[in-house]
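Engineer: predicted coordinates and the sequence they were generated for:
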There are 2 protein chains.
Amino acid sequence: MADTAITPTRSQNYPEWYQQVIVAADMAENSPVRGCMVIKPWGYAVWENMQGVLDRMFKDTGHVNAYFPLLIPLSFLEKEAAHVEGFAKECAVVTHHRLKGDGNGKLIPDGELEEPLIIRPTSETIIGHQFAKWVKSYRDLPILVNQWCNVMRWEMRTRMFLRTAEFLWQEGHTVHATAKEAQEETLQMLNVYSEFAEQYMAMPVIKGMKTPDERFPGAVDTYTIEALMQDKKALQAGTSHFLGQNFAKASEIKYLSAEGKEEFAWTTSWGVSTRLIGGLIMTHSDDNGFVVPPRLAPLHVVIIPIYRNDEERAQVLDYVKALEKDLKAQNYVGSSVRVKIDDRDMRGGEKAWQYIKQGVPVRVEVGPRDMAKGEVFVGRRDRGPKEKASMERNAFVANITNLLQEMQDGLFERAKQMRDESIKTITNLQDFEKYFSGGENTAPGFAKVPWCEAGMGHELLAQLKVTPRCMPLDQEPVQGNCIFSGKPATKWVLFAKSY
Amino acid sequence: MADTAITPTRSQNYPEWYQQVIVAADMAENSPVRGCMVIKPWGYAVWENMQGVLDRMFKDTGHVNAYFPLLIPLSFLEKEAAHVEGFAKECAVVTHHRLKGDGNGKLIPDGELEEPLIIRPTSETIIGHQFAKWVKSYRDLPILVNQWCNVMRWEMRTRMFLRTAEFLWQEGHTVHATAKEAQEETLQMLNVYSEFAEQYMAMPVIKGMKTPDERFPGAVDTYTIEALMQDKKALQAGTSHFLGQNFAKASEIKYLSAEGKEEFAWTTSWGVSTRLIGGLIMTHSDDNGFVVPPRLAPLHVVIIPIYRNDEERAQVLDYVKALEKDLKAQNYVGSSVRVKIDDRDMRGGEKAWQYIKQGVPVRVEVGPRDMAKGEVFVGRRDRGPKEKASMERNAFVANITNLLQEMQDGLFERAKQMRDESIKTITNLQDFEKYFSGGENTAPGFAKVPWCEAGMGHELLAQLKVTPRCMPLDQEPVQGNCIFSGKPATKWVLFAKSY
């Protein structure tokens, strides 16, 4: 057996390590449909935990859920010019509504539709169409709606969780009477995403505004949270768009103001997706597999009973069942500590490695000797696999929520330190080129550079495969010139190689 | 204004009444995509409550959630002959993966797929394909998986919630080593559905097995829960299928037994959908709108403050905020009582009617006089709109969960009495014909008749638009002859007009 559970390791081949972590943790697999993945129970359980937290945060900020059609008439896509340009290139098109036999046991499409339908790549157009009916007067505003659903973009190069043809997400869509309210909503949801990423995913993010060349098609402003993976590539983890009146005009979302005047409304949209699971994996996992922050872990504690015969088994099982009950009575971040006893007929070491690979925060082994001493033998996922320690049983129970939070905080701190050490201020093009010239599979982190709009689309960027990630919201006054245009800089902008 | 909030009433035009209840309660609306509905926030909140309860019940019986692709390769559908026959006729077919401009500002499909893909009408084939990889040995069994998702069947005649092209559902898929285990699973999930329907939806159901002509395409046995709507038409509310080895053979789900022999596995599938919301509406609602059992109500209590000026407003709002807090501290069926204060600038009567139409179980009006007496003025959705009563404020709070459960039980009892009175035992074809000869829009309820397989497909059934609903699991020995074939009867079977 290799020294690590995952082959190759991160330093040997990061992209392949990522795929192998997903396999080892049994989180997802490819399907026979090109670019579409199967989210297996362990991966889906992480998504359910993410959904639970986010859904609560959305509701606490006044949003309600609804559901809109999967299919969008082709003509809807044509309404907003920039939007078409951005999404029309890559989508699944439904052209028939029936199958018939070809006489040789095969099926062929039949019943051609008058107007083709596309599977939603995002729902601004169809939701806008409905909102136009919902909104009559200023009294109907704001409309604060969210949708949990699947969407599809026909991606050419896919990677599990990070970029798949079909993915799961939530898309928030809101309508407001004023630009100011819509802008406040856009920033509020950016803050919700940032809080979720940092407090729950333990993934530090930089909040910023996208430069114009990276905006959502049809948006006035796109805000983003940007994270840095362990290979120093950036990941756009969530976006929140101020759409101005663009979509309101395309969909004719109008309202009668208090003064009796007909006005176009102001809209926003914002979303995060199963891509976050990819970010979670790449932020915390190690050469032994998945590492999941306790707040999102499907299971907090696994108890592995150790025994040699039926008599010992009966005794140990009684002991661990009582332990399980006491642990479940502890409350961690608003719900019971999640505990499982694994009594499968299998070697204890094999079980332990399975849970290490799956990222379960705490492993507890209990055998007759531990029992006799009133102890438990505890392994933590944020320590080495063999770095286990005996603990007094009651103290372990009493301390479990502190232990989980300590691990949660530790993961965040470690990731934040790595991220903070990977931001370099660069003020000329030569240094910029040198910083990013490490070759195909290496990345140095973020470059923070003086920038202006005239510098957008510099040829060096495509050559280096580097993109502007965002203009951080939190930034000091910029001095000097844009490194791309040579003109006076207007903002500090972060650049990076990215997923 | 009419005497009732909904026009027409149930007795005037039941199908149209149903549509108008949905409009009045603001639960759903049609979309520009043929047969696809928009589930609006109030309707979706009911679905979320249903999901929450069902998901807990599935997990308590050992199931885990996962997610499989939306699109299914055409060739997969061809694998199971009966299944193709049942589903191939009505499905959305994706044939292209790109759009391009036609030069005149219009978009046309481009990038034809080598093999067309269909939007899942149900996922047995694609999930079976994946399960074949998951299962190697008897140690991998059982596999107990559920999926919450959207599915699509290109229905010709649609009706909101009851029958739509796209709908939301859950589909459970399980794999077992033995026929017995798979059969037990099938019945266990039927019981879960029955418990959910009766305990949460307050909708009495009859558990039964489908006659062979009504089986799920590809199933060995299909079990169903059948409910009776207020217009005496039956509604199939959930099904659970024992698939035998049919799908295991089509998808090659094989396992190595403890004896080292390769065996085909046994599978089941089971599902309920947003159709349940249609059943909920048709079971309880009245001529004033939606009536929702408290256990599934998005809101239990709405508080409407009544005042004439700012001074009164301040006092009344303080009073109702304290009331809201005390009500929320009460626990109903495992969670806080759901309360809202509606302080919109609108007439109190208009507000009250909105909540009546939306089915909120309890309305509380509070004005300065109620306040002075330490009282609240309470209206119940299961009583007449004007049948309101003053109650001592603290007694109301202390009694709220009893009140909600009393309403829950009352709805079930009323529905059960109606259902029980609408089952008629019929032992000859003449009486059967007479029973069902009420014309297009009327139905008498269930006919319970002696039946045998040779009687299937009798021409009178199509003529009367009557179908066999199920062979009730709970049935006394049958005597006499099948009313359709004249041969000795083998079962009592329930027949009805249905949705």
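Structural biologist: Looks like it arrived, so ask away. Here the structure is a predicted model, which means the values were calculated and not measured.

Engineer: quick one: contacts for residue A:388?
Structural biologist: Taking C-beta atoms under 8 Å, 6 or more residues apart in numbering or on different chains as the criterion, residue A:388 is in contact with A:363, A:365, A:377-379. For every residue, glycine as well, the C-beta is placed using N, CA and C.

Engineer: what's the burial count for the residue of the stretch 151-300 of chain A found nearest chain B?
Structural biologist: At 4.4 Å from chain B, residue A:154 is the closest residue in the stretch 151-300 of chain A, using C-beta to the nearest C-beta. For residue A:154, the neighbour count with other C-beta atoms under 10 Å in any protein chain shown is 22.

Engineer: I figured it hits residue A:36, correct?
Structural biologist: No: here residue A:154 does not reach residue A:36: they are 10.4 Å apart, not a contact under C-beta atoms under 8 Å.

Engineer: which neighbours do these two have in common?
Structural biologist: Once C-beta under 8 Å, 6+ apart is applied, the residues that residue A:154 and residue A:36 both contact turn out to be residue A:165.

Engineer: in strands, which of the contacts of residue A:388 appear?
Structural biologist: Within those, membership in strands is found for A:363, A:365, A:377-379, as judged by DSSP state E.

Engineer: tally of neighbours for residue A:228?
Structural biologist: Neighbourhood size, residue A:228 [other C-beta under 10 Å]: 31.

Engineer: just residue A:269 next, same as before
Structural biologist: When counting by other C-beta under 10 Å, one arrives at 25 neighbours for residue A:269.

Engineer: residue A:133 contacts residue B:29, doesn't it?
Structural biologist: Yes: here residue A:133 reaches residue B:29: they are 7.4 Å apart, a contact under C-beta under 8 Å.

Engineer: between the two, who's got more neighbours?
Structural biologist: The residue with more neighbours, out of residue A:133 and residue B:29 and counting by other C-beta under 10 Å, is residue B:29; that gives 16 against 12.

Engineer: just the pLDDT for that one.
Structural biologist: What the model reports as pLDDT for residue B:29 is 97.

Engineer: again with residue A:471
Structural biologist: 98.

Engineer: which residues does it contact?
Structural biologist: A:208-211, A:451, A:491-494.

Engineer: before we move on, what SS does it have?
Structural biologist: Secondary structure assignment for residue A:471 (DSSP: H, G, I helix; E, B strand; the rest coil): strand.

Engineer: same question, residue A:113
Structural biologist: strand.

Engineer: could you check how many residues crowd around it?
Structural biologist: When neighbours are counted by other C-beta under 10 Å, residue A:113 registers 19.

Engineer: shouldn't it be in contact with residue A:93?
Structural biologist: No: with the criterion set as C-beta under 8 Å, residue A:113 and residue A:93 do not qualify as a contacting pair; they are 9.8 Å apart.

Engineer: just the helices in the stretch 1-150 of chain A please.
Structural biologist: A:14-24, A:41-60, A:74-77, A:81-87, A:124-134 (DSSP state H, counting those that start in this stretch).

Engineer: now check the second one, is it near chain B?
Structural biologist: When you say that, I think you mean helix A:41-60. Yes: applying C-beta under 8 Å from any C-beta of the partner chain, one finds helix A:41-60 in contact with chain B at A:41, A:44-45, A:47-48.

Engineer: most neighbours of all the residues you listed, which one?
Structural biologist: Using other C-beta under 10 Å as the neighbour criterion, residue A:44 leads the residues of helix A:41-60 next to chain B with 26 neighbours.

Engineer: got the contact list for it?
Structural biologist: Contacts here follow C-beta under 8 Å, 6+ apart; on that basis residue A:44 touches B:64-67.

Engineer: what about it, distance to residue A:57?
Structural biologist: When distance is defined by C-beta to C-beta, to the nearest Å, residue A:44 is 20 Å away from residue A:57.

Engineer: my guess is residue A:75 meets residue A:115, correct?
Structural biologist: Yes: here residue A:75 lies in contact with residue A:115, judged by C-beta under 8 Å, at a distance of 6.6 Å.

Engineer: circling back: nearest to chain B among the ones in strands among the contacts of residue A:388?
Structural biologist: Chain B has its nearest neighbour among the ones in strands among the contacts of residue A:388 in residue A:363, at 20.3 Å by C-beta to the nearest C-beta.

Engineer: neighbours of the closest one, just the number please.
Structural biologist: Using other C-beta under 10 Å, residue A:363 has 23 neighbouring residues.

Engineer: which residues does it contact?
Structural biologist: For residue A:363, the contacting residues are A:301-302, A:304, A:352, A:355-356, A:378-381, A:388, by C-beta under 8 Å, 6+ apart.

Engineer: and the most centrally placed residue in chain A, what element?
Structural biologist: A centroid search over chain A (C-alpha atoms, centre = their mean) returns residue A:276, at 1.3 Å, as the residue closest to the centre. Taking DSSP states H and E as the definition, residue A:276 sits inside helix A:275-284.

Engineer: got the angle for the very next helix or strand once past that helix vs strand A:362-366?
Structural biologist: Going down the chain from helix A:275-284, the next helix or strand is strand A:301-305, by DSSP H and E. Orientation of strand A:301-305 against strand A:362-366 (axes from the mean of the first three to the mean of the last three C-alpha atoms, to 10 degrees) gives an angle of 20 degrees.

Engineer: against residue B:489, how distant is the nearest residue in space to residue A:4 that is not next to it in sequence?
Structural biologist: Excluding its sequence neighbours, the residue lying closest to residue A:4 (C-beta to C-beta, 6 or more residues apart in numbering or on different chains) is residue A:287, at 3.8 Å. Per C-beta to C-beta, residue A:287 is found 69 Å from residue B:489.

Engineer: please name the nearest non-neighbouring residue to residue A:7.
Structural biologist: Closest residue to residue A:7 in three dimensions, ignoring its sequence neighbours and counting by C-beta to C-beta, 6+ apart: residue A:20, at 6.7 Å.

Engineer: residues near residue A:90, how many?
Structural biologist: Residues within reach of residue A:90, counting by other C-beta under 10 Å, total 17.

Engineer: doesn't residue A:155 make contact with it?
Structural biologist: Yes: counting by C-beta under 8 Å, residue A:90 does reach residue A:155; the two are 6.6 Å apart.

Engineer: correct me, but residue A:151 touches residue A:118?
Structural biologist: No: the pair residue A:151 / residue A:118 is not scored as a contact, 10.8 Å apart, by C-beta under 8 Å.

Engineer: compare the two (neighbour count), which wins?
Structural biologist: Neighbour comparison, residue A:151 and residue A:118: the larger count goes to residue A:118, with 25 against 21 (by other C-beta under 10 Å).

Engineer: what's near enough to touch that one?
Structural biologist: With C-beta under 8 Å, 6+ apart, residue A:118 has these contacts: A:71-72, A:74, A:77, A:91-94, B:99.

Engineer: hmm, try it at 6 Å
Structural biologist: With contact set as C-beta atoms under 6 Å, 6 or more residues apart in numbering or on different chains, residue A:118 has these partners: A:72, A:91, A:93.

Engineer: out of those residues, who's nearest residue B:411?
Structural biologist: Within these, proximity to residue B:411 (C-beta to C-beta) peaks at residue A:72, which comes in at 38.7 Å.

Engineer: against residue A:123, how distant is the closest one?
Structural biologist: 7 Å.

Engineer: same check, this time on residue A:301
Structural biologist: The gap separating residue A:301 from residue A:123 is 40 Å, by C-beta to C-beta.
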